[in-house]
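Asks: Sharing a model that was predicted from the sequence below.
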Amino acid sequence: MSPLVLALLAGAAVGLALGALGGGGSVLAVPALVYLLDFTPAAATTAALIIVVLTSSTALYAHARAGDVRWKAGALVAAAGLLPAAAAGAAASRLPQPLLTAAFAVVAASAAVTMLRPGRAAADAAAADGAAAGGAAAAGGAAAAGGAGPARTVGAGAGLGALTGLLGVGGGFLAVPALVTVVGLGMRAAVGTSLLVISANAVASLATRGATTAGIDWAVVGPFAGAAILGAWDGRRLAAKADGTLLRRAFAVALLAVAAFMLADALT
């Protein structure tokens, strides 16, 4: 099968998962680029960042139009992650490839476990949404601006930035719970705001990945990203019709299998 066809199929699958599941869907991009399209781990994480920027920016526009982005809170968290994202992006190309693969496998497994155990995030989100519905919008806004503690907010932003910069993942599976539990946003606002944080961190990381960006095969990455954007629309329609819990569990099991394969590959 030609690389173009593989890129279109892989991109559509990643987009479908991203649209149906939200945070965590794009984590499939790196293993698809490595094992289907013969990218090195460093080049794959760089290409994945490009895909994350394009897909997240498109989704951010849609969420912003719906009023689900908290710009002040998102800007604070994103600003805290810019330097870590840039530093991690610069370090990624210098790390041993097996170490990068193993690190990605651990993060992918963590994402899968998070999807299999959504109880705490869901409870926190329900509490935040309930507070907003009860007329606590002003208090929620204060928390979003830093009422939950500037140190915790900056720490969460820095950690998310480093993760995105090093491994080329959006980190939505961590960003959304962080925005709910640390910043105090409701679930819908957290999902929309996380896209701002992810986009900013990915751009900052790309700015320091000059060596690996120069070697990107745009004939593969372009179709991959385009198919992912289009697939995300179908994924959102699928999510509206299917059982969300069942979708997330099925994806988590598949992601655990991918993580186990990557870890075994890194250790052999």
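Replies: That came through fine.
Asks: right, and Ile51 touches Phe224 too?
Replies: Yes. Ile51 is within contact range of Phe224, at 6.2 Å (criterion: C-beta atoms under 8 Å). Quick note: C-beta positions are derived from backbone N, CA and C, even for glycine.
Asks: More neighbours: which of the two?
Replies: Phe224 (33 against 29; other C-beta atoms under 10 Å).
Asks: now the stretch 101-250 of the chain, which segments are flagged as low pLDDT?
Replies: By pLDDT under 70, the weakly predicted segments of the stretch 101-250 of the chain are 118-148, 210-215, 239, 244.
Asks: Can you classify the most centrally placed residue in the chain by secondary structure?
Replies: Most central in the chain under C-alpha atoms, centre = their mean is Gly170, positioned 2.3 Å from the mean C-alpha point. Following DSSP: H, G, I helix; E, B strand; the rest coil, Gly170 is assigned to coil.
Asks: Go ahead and confirm it touches Ile50.
Replies: No. Contact between Gly170 and Ile50 fails when scored by C-beta under 8 Å: they sit 11.9 Å apart.
Asks: and the gap between the residue nearest to the centre of the chain and Pro150?
Replies: 24 Å (C-beta to C-beta, to the nearest Å).
Asks: Equivalent analysis for Ala250, please.
Replies: From Ala250 to Pro150 the distance is 39 Å (C-beta to C-beta).
Asks: Equivalent analysis for Phe251, please.
Replies: Phe251 is 35 Å from Pro150, where distance means C-beta to C-beta.
Asks: Skip the chain neighbours and tell me the closest residue to Ala79.
Replies: Excluding the flanking residues, the one nearest Ala79 by C-beta to C-beta, 6 or more residues apart in numbering is Gly157, at 7.0 Å.
Asks: With Leu100 instead?
Replies: Pro41 (4.4 Å).
Asks: Please apply the same query to Ile216.
Replies: Ala47 (5.7 Å).
Asks: my read: that neighbour touches Val221, true?
Replies: Yes. Between Ala47 and Val221 there is a contact at 4.9 Å, judged by C-beta under 8 Å.
Asks: list residues touching both of Ile51 and Phe224?
Replies: With contacts defined as C-beta atoms under 8 Å, 6 or more residues apart in numbering, the residues shared by Ile51 and Phe224 are Gly11, Val14, Ala29.
Asks: Need these in a markdown table (columns: pLDDT, secondary structure and distance to Ala90).
Replies: Shown next, in a markdown table, are the shared contacts of Ile51 and Phe224 (pLDDT from 0 to 100; DSSP: H, G, I helix; E, B strand; the rest coil; distance: C-beta to C-beta, whole Å):
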| residue | pLDDT | secondary structure | distance to Ala90 |
| --- | --- | --- | --- |
| Gly11 | 90 | helix | 27 |
| Val14 | 84 | helix | 26 |
| Ala29 | 87 | helix | 21 |
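Asks: Top of those residues by number of neighbours, please.
Replies: So for those (other C-beta under 10 Å), the most neighbours sit at Ala29, 32 neighbours.
Asks: and that one, how far is that from Ala66?
Replies: From Ala29 to Ala66 the distance is 25 Å (C-beta to C-beta).
Asks: Point out the other helices and strands that the helix or strand containing Val154 packs with.
Replies: Per DSSP states H and E: Val154 is located in helix 150-167. On a contact count with 3 or more C-beta pairs under 8 Å, 6 or more residues apart in numbering; DSSP states H and E, helix 150-167 meets helix 41-65, helix 71-92, helix 97-116, helix 172-178, helix 187-207.
Asks: again, only using 6 Å
Replies: Contact partners of helix 150-167 among helices and strands, from 3 or more C-beta pairs under 6 Å, 6 or more residues apart in numbering; DSSP states H and E: helix 71-92, helix 187-207.
Asks: more crowded one of Ala47 and Val221?
Replies: Ala47 (28 against 23).
Asks: Please tell me I have it right and the more buried one contacts Leu33.
Replies: Yes. Here Ala47 reaches Leu33: they are 5.5 Å apart, a contact under C-beta atoms under 6 Å.
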